[in-house]
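A.B. asks: give me the fold of what follows.
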Amino acid sequence: MPVSFPPVHVPRPYALPATPLAARVECPMPDGAVIVAWTYAPAGVTDAPGTPFGIDLAVPPVLMLHGNGEEHGIFGPVIDAVCASGRPVIALDSRAQGASTRGTDPLTYELMAADAVEACARLGVPQVHVLGFSDGGILGLLLARDWGAHVLSLTALGANLTPAGLPREDTDWMAFAAAENRRWAEQGWEGATLEDGTPVPSPAESARIAELLQLMVENPRIEAASLAAVNCPVTVMVGEFDEILPEETDRIVAAIPGATKVVEPGIDHNLPKMAPGAVARELLATVERNDVRHPARAARVPEGLAVCRVPVEGLWAERLDALYERVAAEPGTSGWVRDVWPPAGMARGLLASGAYWGALEASSVSGGAPRDDAELLGAVAVNRDAHMGDGSAPGHGSGLGGPSWEGLGEKDVAGWHLLAADPAARGRGVGDALVCAGLLASRELGARSARLNTNVANVPGNCLYASLGFTRHRPVWLPYPGLPLPGWSNLWEMRL
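C.D. replies: All right, here's what the predicted structure looks like:
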């Protein structure tokens, strides 16, 4: 009886990146999967303090997400074009694909989008431009919708909202191929080949292929109306002969405010392989629509503000508590929760030790001290602290060792704690003023280095330090129980 093999897919050849790899980073997930992130950097940028993994946060990177059953190398010439433009790239191998492993959680697009968020956290990256192809385009839509404060732009290639966005014959074929691969996973053997010598997937590979195909048969399930929440520039790109139905592409474009549609002539669904130059062109044009950068500048106290030490006596403890309550209540990315962070008594203890400095209206400060009725616009506590997190906290990112910065004695390090600006004073440069206060306090302590940690989810904080001359060291696993934050924190340092 003739052997019945499953459909064997022979990938279309593609050019791999010519840009040297900056770093290969394994990102552990809670269910045991390991997502591999590959980072590529502009010429001359290396994996070093200030640019860990080759990523300088002054120019937010492009996050690239590939299609079903592929690996990040499909973006080769696009990676080269982005790096040549002076911008780093994070290219992921999605779960159960490329070098990344499967894990135990049910396979969904939402899970893979969460993997991308966690991988960015592992790299200490708070902002990205996203390029997604096919399945990766679906992930890009989810990220732009659900991780909006962190997504600066999205270029989605050949994405769909539901399986109905594909021709019925395509989804029927995928269902057939998935069933055939499941059969081979149960009945097949290692080392089988077609008559022309083409290898047949092993039973284990067929099981993986079947699951990935079934994912496309049943998913995604994205409500078009939900994409109204996307508030970054979006380009939706397809080939002229794309498998994605034209009405599906139009539905996506209509659902996203301000989205742009691009149809590449003469090309089918395989845009990154067949038209990488066009993809790079549209990607860089989309990035330019929201090209947020954080160029180095000197910290200064803005006009109209002043900084000084916060008095220990009086109503200042109550004012600090009220400040942190307002920060915790403000929607944003700080992730602070009342009575969880800051922990009860922490701010008052630092205040009692004389560690607090504040930013206030200049008119309310006289002789280096605030009036009794002065309004506290922001605060930071500074003391001698050489232990900003040792990387040994339990969790799926533990065992990474301590911080990569130089070990210094207690008297040589000024640690900054609980830096926060009043949301009502946004736009006035309170963050800059607090950095100036922190540097002043650090020098008063005679420290050689000012250090702090900031959770990677805190977009404004990380952007502030990236622009004010701080050196970023490798993130450490430093979870805050009870806070809706990833476990990774960036380590920032300024030598004095």
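
A.B. asks: tell me, what residue is most central in the chain?
C.D. replies: Nearest to the geometric centre of the chain sits C120, at 3.5 Å (C-alpha atoms, centre = their mean).

A.B. asks: name the element that one belongs to?
C.D. replies: Assigned by DSSP states H and E, C120 belongs to helix 109-123.

A.B. asks: from the contact counts, what lies against that helix?
C.D. replies: When contacts are defined as 3 or more C-beta pairs under 8 Å, 6 or more residues apart in numbering; DSSP states H and E, helix 109-123 packs onto strand 21-28, strand 34-40, strand 62-65, strand 89-93, helix 135-146, strand 471-477. Backbone N, C-alpha and C define where each C-beta goes, glycine included.

A.B. asks: what is the mean pLDDT for the helix of greatest length in the chain?
C.D. replies: In the chain, with assignment by DSSP state H, the single longest helix is helix 168-187. The pLDDT scores in helix 168-187 average 97.

A.B. asks: CA atoms of it as PDB?
C.D. replies: Taking C-alpha atoms only, helix 168-187 is exported to PDB below (Å, rounded to 0.1, in the frame of the first residue of the first chain):
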ATOM      1  CA  ARG A 168     -12.500  29.600   2.000                       C
ATOM      2  CA  GLU A 169     -10.300  27.300  -0.100                       C
ATOM      3  CA  ASP A 170      -7.200  28.500   1.800                       C
ATOM      4  CA  THR A 171      -8.700  27.800   5.200                       C
ATOM      5  CA  ASP A 172     -10.100  24.400   4.000                       C
ATOM      6  CA  TRP A 173      -6.600  23.500   2.800                       C
ATOM      7  CA  MET A 174      -5.000  24.500   6.100                       C
ATOM      8  CA  ALA A 175      -7.600  22.400   8.000                       C
ATOM      9  CA  PHE A 176      -6.700  19.500   5.700                       C
ATOM     10  CA  ALA A 177      -3.000  20.000   6.100                       C
ATOM     11  CA  ALA A 178      -3.300  20.300   9.900                       C
ATOM     12  CA  ALA A 179      -5.300  17.000  10.000                       C
ATOM     13  CA  GLU A 180      -2.700  15.200   7.800                       C
ATOM     14  CA  ASN A 181       0.200  16.500  10.000                       C
ATOM     15  CA  ARG A 182      -1.600  15.300  13.100                       C
ATOM     16  CA  ARG A 183      -2.000  11.900  11.400                       C
ATOM     17  CA  TRP A 184       1.700  11.800  10.600                       C
ATOM     18  CA  ALA A 185       2.600  12.900  14.100                       C
ATOM     19  CA  GLU A 186       0.900   9.700  15.400                       C
ATOM     20  CA  GLN A 187       1.800   7.300  12.600                       C
END
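
A.B. asks: which one is P11 nearest to, not counting chain neighbours?
C.D. replies: Closest residue in space to P11, ignoring its immediate chain neighbours: E70 at 7.5 Å, by C-beta to C-beta, 6 or more residues apart in numbering.

A.B. asks: then G165?
C.D. replies: E248 (3.3 Å).

A.B. asks: next, the angle helix 135-146 makes with the helix or strand where the one you found lies.
C.D. replies: Using DSSP H and E, E248 sits within helix 246-255. With axes from the mean of the first three to the mean of the last three C-alpha atoms, to 10 degrees defining the directions, helix 246-255 sits at 20 degrees from helix 135-146.

A.B. asks: tell me which other helices or strands helix 246-255 touches.
C.D. replies: So helix 246-255, by 3+ C-beta pairs under 8 Å, 6+ apart, packs with strand 234-239, strand 260-264.

A.B. asks: what lies in contact with it?
C.D. replies: 141, 156, 159-161, 164-166, 224-225, 227-228, 236, 238, 242, 259-261 (C-beta atoms under 8 Å, 6 or more residues apart in numbering).

A.B. asks: sorry, back to before: next helix or strand past the helix holding C120?
C.D. replies: Following helix 109-123 in sequence, per DSSP H and E, is strand 128-133.

A.B. asks: list the pairing partners of that following strand within its sheet, with orientation.
C.D. replies: strand 62-65 (parallel), strand 151-157 (parallel) (DSSP bridges).

A.B. asks: what's the most buried one of the ones you listed?
C.D. replies: Stretch with highest mean neighbour count among those: strand 62-65 (a mean of 28; mean count of other C-beta atoms under 10 Å).

A.B. asks: the helix or strand just after that strand to strand 21-28, inter-axis angle?
C.D. replies: Proceeding N to C from strand 62-65, the next assigned helix or strand is helix 76-84, under DSSP H and E. Orientation of helix 76-84 against strand 21-28 (the same axes, to 10 degrees) gives an angle of 110 degrees.

A.B. asks: so for helix 76-84, mean pLDDT?
C.D. replies: Averaged across helix 76-84, pLDDT comes to 98.

A.B. asks: circling back: switch the helices and strands packed on helix 109-123 over to JSON lines; also include mean pLDDT and distance to G397.
C.D. replies: JSON lines is the format used below for the helices and strands packed on helix 109-123 (pLDDT from 0 to 100; distance: least, C-beta to C-beta, whole Å):
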{"stretch": "strand 21-28", "mean pLDDT": "97", "distance to G397": "6"}
{"stretch": "strand 34-40", "mean pLDDT": "98", "distance to G397": "11"}
{"stretch": "strand 62-65", "mean pLDDT": "99", "distance to G397": "19"}
{"stretch": "strand 89-93", "mean pLDDT": "98", "distance to G397": "17"}
{"stretch": "helix 135-146", "mean pLDDT": "98", "distance to G397": "21"}
{"stretch": "strand 471-477", "mean pLDDT": "94", "distance to G397": "4"}
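
A.B. asks: perfect, I'm done here.
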